[in-house]
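>>> Can you look at this prediction? I've put the sequence above it.
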Amino acid sequence: MLTNLAHLDSLRVRLAPPAGAAHTTYRLDDEPEVEVVWTYAGRLPDGSYLPCGGGERTSAGGAYSQGAFNADDIARAAVVYLRHWRATGATTSRTAARGLLRALCFLQTAPADDTDPRAGNVVLWQQADGRLNASAEPVEAPDPSDSAESAWLARTIWALGEGYAAFAEDEPPFAAFLRARLRLATAAVRRQVLCRYGQWRLVDDTATPAWLIADGADLTGEALLGLCAYTAAGDDEDARKVVEQLAEGVAAMRTGTPWTWPFGAVLPFGRSRTEWHGWAGLAPAALARVYEVCGDLPARDAALADAASFTPHLLVGGGPDNLRVALPGAREALTLDGVQLAYGAHSRVESLLATARATGRSALRTLAGVAGSWFFGNNPAGAPMYDPATGVTYDGIDVDGTDGPDPAEHLARGTVHRDAGAESTIHGLLTMLALDADPHAAAIARIAEPTVRIEGAEMHSMALADPLTGAHLTLLRSMATSTRAADVVVPGDAPATVSVNDPAGEELEHYATTAGRIRVLVAAGGFTTVVQPGAAAASDVP
């Protein structure tokens, strides 16, 4: 297995939070301790890590200007342990997930008077002694953090939904508690977000949905992951209605064509139709799940456009940058922030695999492996970002140079930031869990050494190799409006498999070919993969 929980385990601690009028959790009197995770982990000279909180230390007692722990990371860490428990049956992961969910529910504001406008919202920061810090420094929006819709409300819904699905039969009383808290959070979404359902605002001359959580299709997508898990596990028509309404808004953020920016992507921010960022990109995965749960065809089509048209373009164009910007209809975008994070790379992998499962488009599994190869060296730093031996995922790739005409210069433009905090660790592990569940994608992900990247007017391509096994992969993405032919070199003697796909991921051709210089077709606006597996030992490719 690629998944190693050791580093995330080292960030977990137990604490006994002080109960208040609006903050308590499941069986707090009988089980006074909950599980939390440190926000950051700084790398020490000897290669070990020192966990710490966010912001400056404000007292000798260890308080931080932000806090030691936060709801975002607690929620997503809970999802890691829930998925690991369900995949492996590990009771240690069940225990960790349960403790983290109890901690998360403590952060949720649950006043006795349900007319309180804060009801269902979530306080973001918590100090090491368990006290809540509703107004962090520097100030974040919303302030106080439980005063309105937020990213952490969306991620709380994600964790509560997957938690309910996991515990529904295993521990019904706890599942019932999670269900009540999920309904409280969903009520907050109805009150604060869906009060705008059906309203559109003009953004960059385009009608744009106004009913996204904190104006984010990305954040709304994370809430949808939890709501879909909950809806699939139980009979709740009110929750299904919320799923359908939120999904309508997220699907409306799809834009572009296979030939024009943003090439079918589901854009992340509801106040811009020109920007795409790699951070928090799970909306396509959520739309694929919506299609599975509700049969929503627009959700399916939006997920497919993002997975099969935009993502291949992104992969051959350098990967999940923090910010790309272009006017709608442009042929290409300008990278304004080339930093890359595990969050963005994981989002591509999970979205591709979720869409492949929901639609049966098997070529998307190969693309998921290419996206996953970011963690093993196919990135601007040309270095592994995840260590299977320790479970460490580094915090990101900082830009230390600029792209030049030489492809080798492009491939070496980044430096690995070797701290390993909760967010990067969590998204690295979510990726490894997804790859462990799909051996084909996992094997492709290990073909991770870039050898060439070519960008032309009508054809973009990249080639990857695995020196240990001799495996090779070439991905070609067409910008042409008609089918084109391209020459691909298949080194060595082993045969390769060619898969030709249209812009919706529909496989048009699939065949084996001999090694050597071969000619392949690339469909208009589509992508083609050429995979030569190599002679791998079992320890090299899972």
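Good, I have the coordinates. Residues are numbered from 1 along each chain as shown.
>>> which outside residues touch stretch 107-119?
For stretch 107-119, the external contacting residues (Cβ atoms under 8 Å, 6 or more residues apart in numbering) are 21-24, 71, 74, 120-124, 126, 132, 144, 146-147, 152, 156, 181, 184-185, 187-188, 191. (Each C-beta comes from the backbone N, C-alpha and C, glycine too.)
>>> what sits against Pro495?
By Cβ under 8 Å, 6+ apart, the contact list for Pro495 reads 512-515, 532.
>>> in what helix or strand does Asp29 lie?
Per DSSP states H and E: Asp29 is located in neither a helix nor a strand.
>>> Tell me where the protein is predicted with low confidence.
60-61, 400-413, 536-542 (pLDDT under 70).
>>> export stretch 97-107 as PDB, just CAs?
Output of stretch 97-107 as PDB, limited to C-alpha atoms (Å, rounded to 0.1, in the frame of the first residue of the first chain):
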ATOM      1  CA  ALA A  97     -12.100   9.200  13.000                       C
ATOM      2  CA  ARG A  98     -14.600   9.000  15.900                       C
ATOM      3  CA  GLY A  99     -12.400  11.200  18.100                       C
ATOM      4  CA  LEU A 100     -11.900  13.800  15.300                       C
ATOM      5  CA  LEU A 101     -15.600  13.900  14.500                       C
ATOM      6  CA  ARG A 102     -16.400  14.500  18.200                       C
ATOM      7  CA  ALA A 103     -13.800  17.400  18.200                       C
ATOM      8  CA  LEU A 104     -15.300  18.800  15.100                       C
ATOM      9  CA  CYS A 105     -18.800  18.800  16.500                       C
ATOM     10  CA  PHE A 106     -17.500  20.700  19.600                       C
ATOM     11  CA  LEU A 107     -16.400  23.500  17.200                       C
END
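>>> I'd say Ala434 and Glu350 touch.
Yes. Ala434 is within contact range of Glu350, at 5.4 Å (criterion: Cβ atoms under 8 Å).
>>> I figured Ala422 was touching Cys52, is that so?
No. With contact defined as Cβ under 8 Å, Ala422 does not reach Cys52; the gap is 10.8 Å.
>>> out of the two, which sits in the busier spot?
Ala422 (25 against 18; other Cβ atoms under 10 Å).
>>> Look up the closest residue to that one, ignoring the ones flanking it.
Among residues not flanking Ala422 along the chain, Asp73 sits closest, at 4.0 Å (Cβ to Cβ, 6 or more residues apart in numbering).
>>> All the strands of the stretch 401-542 of the chain, residue numbers only.
Counting by DSSP state E, counting those that start in this stretch, the stretch 401-542 of the chain has strands at residues 414-417, 449-455, 459-466, 471-478, 484-490, 496-501, 507-513, 516-522, 527-532.
>>> Turn those strands into TSV, including distance to Val325.
Below are the strands of the stretch 401-542 of the chain laid out as TSV (distance: least, Cβ to Cβ, whole Å):
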stretch	distance to Val325
strand 414-417	20
strand 449-455	18
strand 459-466	19
strand 471-478	20
strand 484-490	28
strand 496-501	28
strand 507-513	33
strand 516-522	27
strand 527-532	23
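>>> JSON lines for these, including distance to Asp218 and mean neighbour count?
Putting the strands of the stretch 401-542 of the chain into JSON lines (distance: least, Cβ to Cβ, whole Å; neighbours: other Cβ atoms under 10 Å) gives the following:
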{"stretch": "strand 414-417", "distance to Asp218": "22", "mean neighbour count": "18"}
{"stretch": "strand 449-455", "distance to Asp218": "27", "mean neighbour count": "17"}
{"stretch": "strand 459-466", "distance to Asp218": "25", "mean neighbour count": "22"}
{"stretch": "strand 471-478", "distance to Asp218": "23", "mean neighbour count": "24"}
{"stretch": "strand 484-490", "distance to Asp218": "33", "mean neighbour count": "15"}
{"stretch": "strand 496-501", "distance to Asp218": "26", "mean neighbour count": "21"}
{"stretch": "strand 507-513", "distance to Asp218": "29", "mean neighbour count": "13"}
{"stretch": "strand 516-522", "distance to Asp218": "30", "mean neighbour count": "15"}
{"stretch": "strand 527-532", "distance to Asp218": "24", "mean neighbour count": "24"}
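>>> So for Val370, which of those sits nearest?
Ranking those by their distance to Val370 (criterion: Cβ to Cβ) puts strand 471-478 first, at 5.8 Å.
>>> Adjacent strands (with direction) for the closest one?
strand 459-466 (antiparallel), strand 527-532 (antiparallel) (DSSP bridges).
>>> Other residues contacting the shortest one?
Contacts made with strand 527-532 from outside it, assessed by Cβ under 8 Å, 6+ apart, are listed as 308, 312, 363, 366-367, 370, 444, 470-478, 486, 488, 490-492, 494-501, 513, 515, 518, 520-522.
>>> okay, the angle between that strand and strand 507-513?
20 degrees (axes from the mean of the first three to the mean of the last three Cα atoms, to 10 degrees).
>>> To what extent is Asp72 buried, counted in neighbours?
Asp72, neighbours per other Cβ under 10 Å, totals 23.
>>> quick one, what contacts Ala356?
Residues 307, 362, 364-365, 368, 505 are the ones in contact with Ala356 under the rule Cβ under 8 Å, 6+ apart.
>>> again, only using 7 Å
The contact partners of Ala356, by Cβ atoms under 7 Å, 6 or more residues apart in numbering, come to 362, 364-365, 368.
>>> picking that back up, reformat the strands paired with strand 471-478 as CSV; add distance to Arg102.
CSV is the format used below for those (distance: least, Cβ to Cβ, whole Å):
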stretch, distance to Arg102
strand 459-466, 43
strand 527-532, 45
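>>> what about the ones you listed, which gets the closest to Pro172?
Nearest to Pro172, of all those, is strand 527-532, at 45.7 Å by Cβ to Cβ.
>>> Excluding chain neighbours, what is closest to Leu323?
Nearest residue to Leu323, sequence neighbours excluded (Cβ to Cβ, 6+ apart): Asp337, at 3.8 Å.
>>> I figured the one you found hits Arg324, correct?
No. With contact defined as Cβ atoms under 7 Å, Asp337 does not reach Arg324; the gap is 8.4 Å.
>>> Comparing the two, which residue is more hemmed in?
A count of neighbours by other Cβ under 10 Å puts Arg324 above the other of Asp337 and Arg324, at 24 against 14.
>>> ok, how many other residues are close to the residue nearest to that one when sequence neighbours are not counted?
Excluding the flanking residues, the one nearest Arg324 by Cβ to Cβ, 6+ apart is Ala333, at 4.0 Å. Taking other Cβ under 10 Å as the criterion, the count of residues near Ala333 is 22.
>>> Quick check: Ala333 vs Gln199, distance?
29 Å (Cβ to Cβ, to the nearest Å).
>>> Could you do Phe167 as well?
36 Å.
>>> do the same with Ala535
Distance from Ala535 to Gln199, by Cβ to Cβ: 59 Å.
>>> Then Asn70?
31 Å.
>>> Which single helix of the protein contains the most residues?
Ranked by residue count, the top helix of the chain under DSSP state H comes out as helix 172-192.
>>> Flag every buried residue along it.
Residues of helix 172-192 classed as buried: 174-175, 177-179, 181-186, 188-189, 192 (neighbour count, 16 or more other Cβ atoms under 10 Å).
>>> give me phi/psi at the residue most central in space within the chain?
Closest to where the C-alpha atoms of the chain average out (Cα atoms, centre = their mean) is Ser347, at 2.8 Å. Main-chain torsions, Ser347, degrees, to the nearest 10: phi -60, psi -40.
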